[in-house]
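S.K.: Pasting the sequence and the predicted coordinates here, then a few questions.
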Amino acid sequence: MTPLKERGRTMNKSIASRKLELTKRRDAPLMTRTDLKAAGVKDITGAMNTILADVFALYLKTKNFHWHMSGPHFRDYHLLLDEHADQLFAMTDPIAERVRKIGGITLRSIGQISRTQRVLDNEAEYVEPLDMLAELAEDNRTLATRLRQVHNVCDKYRDVASASLIEVWIEETERRTWFLFEATRRP
Ligand SMILES: [Fe+2]
């Protein structure tokens, strides 16, 4: 065999083995091994992904009200909602990464978020400032209830790491609710 032919054969072989490697990697399950039970991984993943969709939805709703705020208390409310939106956004990455760490698959698109979220969007052209705050207070109260439910699921399977993150998020959610409630309290 000429050296050129031999080089060609070696190249074909390496392309074939690379293709095989890629196929193997693509077909391998995208699941991190964990000591949690399979039922736990399934239940916690489902609960956390739904919360993730809710948090993304509430983040955007808070930003929406931040952008469209008006009236005499504009500065205060505008800044308050920005702070709340930052807090909500900061929750999203740790939630998704918890799911991946325990061997689950997390959200992949905005479309998936909108199919999963339970938080109702508000696309109204104009919303009264106090109505914005009252609606967000209610959404945050509901979020705290749902976080407690996910905490129960984590407790059931002894996923203490997810549970301890959720405890902090419940406290932050209660703080947001408090501020929103006080800002809308009428004399
Ligand atoms: Fe802003």
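M.R.: Yep, that arrived.
S.K.: roughly how far apart are Arg115 and Leu147?
M.R.: 21 Å (Cβ to Cβ, to the nearest Å). C-beta: built from backbone N, CA, C; applies to glycine.
S.K.: show me what contacts Arg33?
M.R.: Listed by Cβ atoms under 8 Å, 6 or more residues apart in numbering, the contact partners of Arg33 are Gly103.
S.K.: does it count as helix, strand or coil?
M.R.: When classified by DSSP: H, G, I helix; E, B strand; the rest coil, Arg33 comes out as coil.
S.K.: likewise the one 3 residues further on?
M.R.: Reduced to three states with three-state DSSP, the structure at Leu36 is coil.
S.K.: and if you look at the one 3 residues further on?
M.R.: What three-state DSSP gives for Ala39 is helix.
S.K.: Please apply the same query to Asp121.
M.R.: coil.
S.K.: Phi first, then psi, for it.
M.R.: phi -70, psi 160 (degrees, to the nearest 10).
S.K.: Am I right that it is in contact with Lys63?
M.R.: No - shown here, Asp121 and Lys63 do not form a contact pair, counting by Cβ atoms under 8 Å, at 12.0 Å.
S.K.: Which one's more surrounded, Arg115 and Leu147?
M.R.: Neighbours were counted for Arg115 and for Leu147 using other Cβ atoms under 10 Å; Leu147 has more, 24 against 10.
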